[in-house]
Each structure stands twice: as structure tokens, then as C-alpha cells.
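Colleague: Kindly return the folded structure for what I paste below:
(one chain, ligands or ions: 4)
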Amino acid sequence: MSGARWRETGGALLALLLLGAGTLLVALLLRTYTLPSNQVTWQGEGAAGGELTPEEKQRLREALAGAIRIPTVSFSEEEQNVTALAEFGGYIRKVFPGVFSSSIVKHEVVAEYSHLFSVQGSDRSLRPYMMLAHLDVVPAPPEGWDVPPFSGEERDGYIYGRGALDDKSCVIGVLQALELLLKRGYHPKRSFYIGLGHDEEVSGHKGAMKIVQILQSRGVKLLFVVDEGLAVLDGVIQGIKRPVALIGTTEKGSITLNLTVNQPPGHSSMPPAETSIGILAAAVSRLERNPMPNMFGEGPEASMFEQLAGEFVFPLNVMMANLWLFSPIISRFTEKSTPLSKAVQPSAGFAQKSPCHAPPLAPIGVLERTPSSNALVRTTTAVTILNAGVKSNVIPRMARATVNFRLHPAQTVQEALDIVQNTINDARVEISVLNSFDPLPISPYDESNFGYQTLQRTIHSVFSAAPVAPGVCIGNTDSRHFVNLTDSIYRFSPFTLKAEDLSRIHGLNERISLDGLQRLTQFYYQLIRNADSDKVPVAHRATHEL
Ligand SMILES: *[C@@H]1O[C@H](CO)[C@@H](O)[C@H](O)[C@H]1NC(C)=O
Ligand SMILES: *[C@@H]1O[C@H](CO)[C@@H](O)[C@H](O)[C@H]1NC(C)=O
Ligand SMILES: *[C@@H]1O[C@H](CO)[C@@H](O)[C@H](O)[C@H]1NC(C)=O
Ligand SMILES: [Zn+2]
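Modeller: Ligands and ions are numbered 1, 2, ... in the order given. Below is the predicted model:
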């Protein structure tokens, strides 16, 4: 080919490329700025009637402080402070006399310490719904706290103490909301239940499960369930400036395995080539070096980014709106010093072990890079116990490790077990499943879903129209026991969390602001009123502006 032809062809090719790139760019931008936003608003809706008088505000803060002072600690599934749990039952009777004396509220104690309230609506043709919270808390050794963890002390506008966020604020808030509605003569149209479990932190096998059995035996089907979970996040997802509300529409599953290796024991003076410890160590090492597959985009986590795309700063908004193109980059980008990784790196404060509120959220980003966001894109592998040997000159017969996996919503227990087997790939390592459950089904979050839309409407009216999106809970809640009663389970704690608050849950200096506690109560108050509608709420669509 002559030089001229080359230039000609090259020129044409370049033009074509430019045209292609230009078209792509236009397509990306178009999608970014016209993506039918799922963000809707209910403009002009205030907290109608949910405002508290100064005396009511005072009683509310005292109610929470008093609840914190009863140390309803769950140490393990076998060990709970049952004295405190029993005391709590008496406490709520005293603090919410209206709830306990109302003719439309039936109260039952379940499994000795849990509580079930059935509120009779006036229209029996409407399907009931349910709100959940739990009474128990994780332990809180006093070291490191600014105030004693079971004091309920108030400082600078915050109530401090174990349970201030997880989950006594919700217990008190939901009962207070009902108390206020009853006091103001409100008679709900739609029936509903309030379930307060007493062993959520250690499984919910006694409380929540028993409540489910009772409802099931009565033939109850629920329109939707609201439990603790995600929250309104302010500055947690970097790259998003406004507070955004995430509603957990699923929870990860879990598998706990024991890996056991048995080999002939012997004296350390004549060791065999391979020992039980060495074989086990190699197997554990293979599991750690071969993480489960990155499944970003195969579960509901991608919807979250897409629905929030318009909230991200440029160029993240373009990437989030075009996950069909960018998801591999977003999920796998692992370089340390790129602007992208900086922009989307989750804020500090994730080093904690919270089960239900765990930063499902900080997702973002360079998703594989940080433990919290890594947890969003794959089944995680954590070696938690290792046991072998008792004497320095004896080769032990047995070596054993316990491994806990948290399953990505798009993976089943069986699929994960198959991968584990293939990864370990050593018949001498015996694998036994201690317990397991699949990821929870994904609850619907479309425009025709009553529960989701009612939650969204309530969030907008109470949290200044914060954008709402579905999310994944990387820990578990009591609501997972309710799957046979409804397909619509939503995990949302009605308070705002800033990045620094995340480590307070199950950590030091757990606290809630007085304003946050009032809002939380208004949320339940509004939710009960909004759920009385017999139609799915319809909102105005928000539009992005270029
Ligand atoms: C259990 O709760 C009671 C109060 O109900 C309290 O006096 C006691 O110290 C608690 N025990 C533990 C081990 O926390
Ligand atoms: C699993 O392994 C752990 C740690 O070695 C041990 O404490 C536990 O008893 C084992 N459980 C079973 C059922 O083997
Ligand atoms: C739901 O029902 C199925 C079938 O009856 C049962 O196997 C399962 O254990 C139930 N799940 C829960 C969480 O109750
Ligand atoms: Zn909780």
C-alpha cells in the first residue's frame, strides 16, 4: 500500500474511531443525565401531626435513657441476662400505658421475654403489615467509653449508651409512636403488628422464630415487614454529597464450616513429611489466597449504584449510570493511587463487626479494595478458630479450623460449598458444615410495591426528601425469619449515620442525638399513618438537571 493510501485508510479509520468514541460519549452522557431517575419526591409533605410537644420530647428521651439502663445483654445463644429481659417487660408497661390499655391493641409475651402487639385496624379487608425491633444488645465493657455504657447519660445533645442506636431507639420509637397516635385518638384502618425479639444479637431462634410460628399458626400473611438494617447515610458513600437513604432489600447468607485433618500422631524427633497441622494450614491458605468470585452486578448491589447515579459527583455519575460498561472497572479497580480509588474510597471507621448495620454501604468503590466494600461484591471467607497441638515435642493427631463465609446474594450455599471443595482439593481435609443458610430473597422495590413505596414516602417526609435506593445488608436481622409470611422485607433503621458513627454500633460511645430520636419516632408515626392508605403511593418524578 502506498503512503497516500495508508494515510487515507488511517484517516478514515481515525474518523470512524472518533465517531465511535463520540457516539459512545453521547450515549454515556445521555444515559447519565436522562436515566429515568428512580428518585421521586412527595413534595410538600411535612411530618404532619408527628411533631412532639416539649413534654412529649422530654418523656421520649427519658424513655430511651431508662431502656438503656436495663442491661439486656446477649452474651451467647445460651447466655443472656434474663433478669434484665424480664425487667424490660415491666418497664415498657410502665412507660407506654396507652399501648397496654388500648382496646384495639392486644399484647402477648412470647418465649418468656419477647413481645407481640397486634393492633386491630378498622378495615379488616386490608392486609396487615409488621414492624420489628429487638430488646437485646451486645456486651459493652466500660473501658474506652466517655460515659458508662449502661447509664443512658445525656451529653451535648446526645443520649449515650449500648442500644442507643442498635436497637433500643427503635423499640422505644415505635412504641412511642403508637402511644402518641392512640393518645391523639387515631384509629388505624389497616391492622399491624409490632414484634420485639429478645435474642436478635445471637440468632433470633427463640424470640423472632416463635413470633413467626404464632403468626403462621393464625394464618397471617403480611403485606410487608420493616426491621432494622440500613439507614440514612450522610457522607458515608464518598462521591455522594447529600444524605441518601438505603433500604435493605436482602441480606447475605452464611456458612460455618469445620475443616478437620487427622493424621497419625508422632514424636517431633522423627516427623513425617506432612503433618496434620501442615495439611490444614495449606488448605486454609488456599482458601485465603483464592477468594470467592467477584459477583458485582449479579446481585442487587448494582441497582443501588444505578438508582443513586445522579447523586454522584462527576465522573462517578457517568460510571454509575453506565454500569453495563463500567462495572468491571468499578468492581475490580485495585490500584491505590488513582483519582477514582480516592474518590470512591469508603470513609474511615469501618473497623467493626456490626451485624445488621454494617456498612453495607460504603460500598462503593473500588469495591475489592476495602474489607467493607469487598463484602458487597463477593462471598467473604473468614478463618475464625484454629486448633491443634498441646505439647512442643508431640505431633498432634488432629488439626481443626473453623471458617465463616457470608454469601453474596447471587450465590447459594451449595454453590459456595462446591467452590470450597474445589479450592481445598485435598481429601485428607474433612469438611463439615456446622450451620448454613442461603442469602435472603430479594424483596421487590418497584413502583407498584406498596411496602417499599410507603417506606420511601415516609423517608421523604421525615428526612428532607433524602434520595432512596435499595441496598444489601451484609449482616443479619430478625426479619430473616419472616420469609414465609411475606415477600416484602425491608431493613431500614430510621436514623442518620455519619461515617464516624458506624464504629459506634457494637463499638464504643454508641449514641443517638435528641433530634435523631425525635425523627425516628416521627418516622414510625408517619409510617403507621401512610400505611393506612389503600393504594400504592404515587409520587412526582424528580429529574436530573444538566
Ligand atoms: C443483669 O441485669 C440486672 C438488672 O436487671 C443487673 O443488675 C445485673 O448486673 C445484670 N447482670 C449482668 C451480668 O450484666
Ligand atoms: C469445630 O471446630 C471448633 C474449633 O476447633 C471446635 O471448637 C468445635 O467443637 C467444632 N465443632 C464440631 C461440631 O466439630
Ligand atoms: C419456610 O417454609 C419452608 C417450607 O415449609 C421451611 O422449610 C423453612 O424452614 C421456612 N423458613 C423459615 C425461616 O421459617
Ligand atoms: Zn440490631
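Colleague: And this protein, what are its domain boundaries?
Modeller: 54-245+446-542, 251-308+356-437 (automatic domain parsing).
Colleague: can I get those in JSON lines with mean neighbour count?
Modeller: In this view, the C-beta of every residue, glycine as well, is placed from N, C-alpha and C. Shown next, in JSON lines, are these (neighbours: other CB atoms under 10 Å):
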{"stretch": "domain 54-245+446-542", "mean neighbour count": "20"}
{"stretch": "domain 251-308+356-437", "mean neighbour count": "18"}
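Colleague: Out of these, which gets nearest to residue 31?
Modeller: domain 251-308+356-437 (9.9 Å; CB to CB).
Colleague: Now name the helix or strand holding residue 303.
Modeller: Following DSSP states H and E, one finds residue 303 within helix 301-308.
Colleague: Also residue 88?
Modeller: With DSSP H and E as the criterion, residue 88 is inside helix 82-95.
Colleague: Residues contacting that helix, please?
Modeller: By CB atoms under 8 Å, 6 or more residues apart in numbering, the list of residues contacting helix 82-95 from outside reads 63, 66-67, 70-73, 99-100, 109, 112-113, 115, 135-136, 171-172, 175, 198.
Colleague: what element comes up after that helix heading to the C-terminus?
Modeller: Next helix or strand after helix 82-95 toward the C-terminus (DSSP H and E): helix 97-101.
Colleague: picking up where we left off before, any residue of the helix holding residue 88 up close to ligand 1?
Modeller: Yes. Helix 82-95 lies within reach of ligand 1 by CB under 6 Å from any ligand atom, at 83-84, 87.
Colleague: Please name the bridge partners of residue 312.
Modeller: residue 240 (DSSP bridges).
Colleague: Please disregard the earlier target; I meant residue 256.
Modeller: Applying DSSP bridges to residue 256 gives these bridge partners: residue 404, residue 435.
Colleague: isn't residue 380 right up against residue 374?
Modeller: Yes. Residue 380 lies in contact with residue 374 (CB atoms under 8 Å); the separation is 6.9 Å.
Colleague: could you say which helix or strand contains the residue lying closest to residue 432 once chain neighbours are set aside?
Modeller: Of all residues not flanking residue 432 in the chain, residue 258 sits nearest, at 4.9 Å (CB to CB, 6 or more residues apart in numbering). Using DSSP H and E, residue 258 sits within strand 253-262.
Colleague: What strands flank the next helix-or-strand element following that strand, and is each parallel or antiparallel?
Modeller: Scanning forward in sequence from strand 253-262 by DSSP H and E, the next helix or strand is strand 266-267. The sheet places strand 266-267 alongside strand 394-395 (antiparallel), with pairing taken from DSSP bridges.
Colleague: how far does the partner strand sit from the chain's center?
Modeller: Its chain's average C-alpha position is 45 Å from that of strand 394-395, according to CA atoms, centre = their mean, to the nearest Å.
Colleague: next one: stretch 242-261
Modeller: 8 Å.
Colleague: before we move on, what about stretch 140-152?
Modeller: 25 Å.
Colleague: Any idea how far apart the tips of it sit?
Modeller: This stretch, stretch 140-152, spans 13 Å end to end (CA to CA, to the nearest Å).
Colleague: Surely residue 433 and residue 259 touch.
Modeller: No. With contacts counted by CB under 8 Å, residue 433 stays clear of residue 259, the gap being 11.0 Å.
Colleague: which parts of the stretch 101-250 of the chain sit against ligand 3?
Modeller: Residues of the stretch 101-250 of the chain lying close to ligand 3 by CB under 6 Å from any ligand atom are residue 212.
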